[in-house]
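have a look at this prediction, sequence included:
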Amino acid sequence: MTALRKNVGHPVEQPMPANISIGELHWSDDTARVSASGVPVLLRPVEFRLLGQLMNHAERVHTRAELLRKLAAPCIGERAIDVHIRRLRISLQPFGMDRWIQTVHTRGYRFSPSLTHF
């Protein structure tokens, strides 16, 4: 009962699903692969985990610090997330999915396939 009280007010972190599909973008932790419109997308490990995190919580704004914490990469600076986001957008650009990763001014980043502009 005491353990339950300690968690009140703090959401319990759900594990990442093994596979996430949104539109024609498919992310699989089982196979460590991403495909867009049926075409494999080559990503670095950090960008792969970053995309999974963003897709798992679509429409939610993530701060840089939160993304670093989720990626278990506290040794790199918060601004390094910007570099990884840029690389991720470049990888998704040929499929028109780069716009799905949006910058939310002064807050962070959001994955939103329903919006096609910033």
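Arrived safely.

roughly how far apart are the residue nearest to the spatial centre of the chain and Val61?
In the chain, the residue lying closest to the centroid (Cα atoms, centre = their mean) is Leu54, at 2.1 Å. Shown here: Leu54 relative to Val61, a distance of 10 Å by Cβ to Cβ, to the nearest Å. Glycine gets a C-beta too; all of them are placed from N, C-alpha and C.

list the helices and strands the one helix or strand Leu54 maps to packs on?
Under DSSP states H and E, the secondary-structure element containing Leu54 is helix 45-56. Secondary structure elements in contact with helix 45-56, counted by 3 or more Cβ pairs under 8 Å, 6 or more residues apart in numbering; DSSP states H and E, are strand 19-22, strand 25-28, helix 64-70, helix 80-92, strand 108-111.

could you tell me the least trusted of those?
Ranked on mean pLDDT, the bottom entry among the helices and strands packed on helix 45-56 is helix 64-70, at a mean of 89.

alpha carbons of that one, as CSV, please.
The C-alpha atoms that make up helix 64-70 are tabulated as CSV, following Å, rounded to 0.1, in the frame of the first residue of the first chain:
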residue,chain,number,x,y,z
ARG,A,64,15.3,18.5,-25.0
ALA,A,65,16.1,17.5,-21.4
GLU,A,66,13.3,15.0,-21.4
LEU,A,67,14.4,13.5,-24.7
LEU,A,68,18.0,13.2,-23.4
ARG,A,69,16.7,11.4,-20.3
LYS,A,70,14.5,9.0,-22.4
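
what does that helix rub up against?
Under the criterion Cβ atoms under 8 Å, 6 or more residues apart in numbering, residues 49-50, 53, 62, 74, 76, 78-82, 108-109 lie in contact with helix 64-70.
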